[in-house]
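Novice: I would like the atomic coordinates for the input below:
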Amino acid sequence: VQLVESGGGSVQAEGSPRLSCAASEYTKCMGWFRQVPGKDRERVAAIDMYGTTTYADSVKGRFTISQGNPKNNLYLQMNSLKPEDTAMYYCATGRPPVCPTLRSAQFNYWGQGTQVTVS
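Specialist: Residues are numbered from 1 along each chain as shown. Below is the predicted model of the structure:
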């Protein structure tokens, strides 16, 4: 499965960009993660095939994960951005035993990432 993210860039604080991810095939569980150089990968949000979602506390109420039609298109609407949201954002998909999940180790396929810089 190949994943391609887009939509990142430089954004002002309180901005509202939307990230997109196109997967070559759908595997029932998709998610967004982010990483800052020198730090561990951080969970962001995940969604299952029924539209059930889960969010990290750090983004809850500000970010919204959704799937398009077809479902192998994934989105992350980011609102009220803060400088601490600056990171490389990765799209992931896989077949974990429980979905949605924010456990990155249970995702098998990852995109190359799209950088979001908030100033």
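
Novice: which SSE is the spatially most central residue of the chain in?
Specialist: Among the residues of the chain, the one closest to the centroid is Trp32, at 2.0 Å (C-alpha atoms, centre = their mean). Counting by DSSP states H and E, the element that carries Trp32 is strand 29-35.

Novice: re earlier: and the nearest residue to the residue nearest to the centre of the chain once chain neighbours are set aside, what element?
Specialist: Nearest non-adjacent residue to Trp32, counting by C-beta to C-beta, 6 or more residues apart in numbering: Val44, 4.2 Å away. Glycine gets a C-beta too; all of them are placed from N, C-alpha and C. Assigned by DSSP H and E, Val44 belongs to strand 42-48.

Novice: The helix or strand that that strand is followed by: partners in the sheet, and parallel or antiparallel?
Specialist: Following strand 42-48 in sequence order, the next helix or strand is strand 53-55 (DSSP H and E). Note on strand 53-55: by DSSP bridges, its sheet partners are strand 42-48 (antiparallel).

Novice: pLDDT of the strand it pairs with, averaged?
Specialist: The average of the pLDDT scores along strand 42-48 is 96.

Novice: do the same with stretch 79-94
Specialist: Per-residue scores along stretch 79-94 average to 96.

Novice: Show the pLDDT at Lys71.
Specialist: With respect to pLDDT, Lys71 scores 85.

Novice: Looks like it contacts Gly51 (just checking).
Specialist: No - with contact defined as C-beta atoms under 8 Å, Lys71 does not count as touching Gly51 (9.3 Å).

Novice: More neighbours: these two, which one.
Specialist: Lys71 (15 against 11; other C-beta atoms under 10 Å).

Novice: Name the nearest residue to that one, ignoring sequence neighbours.
Specialist: Tyr26 (5.0 Å).

Novice: Same question for Thr52.
Specialist: Pro100 (5.8 Å).
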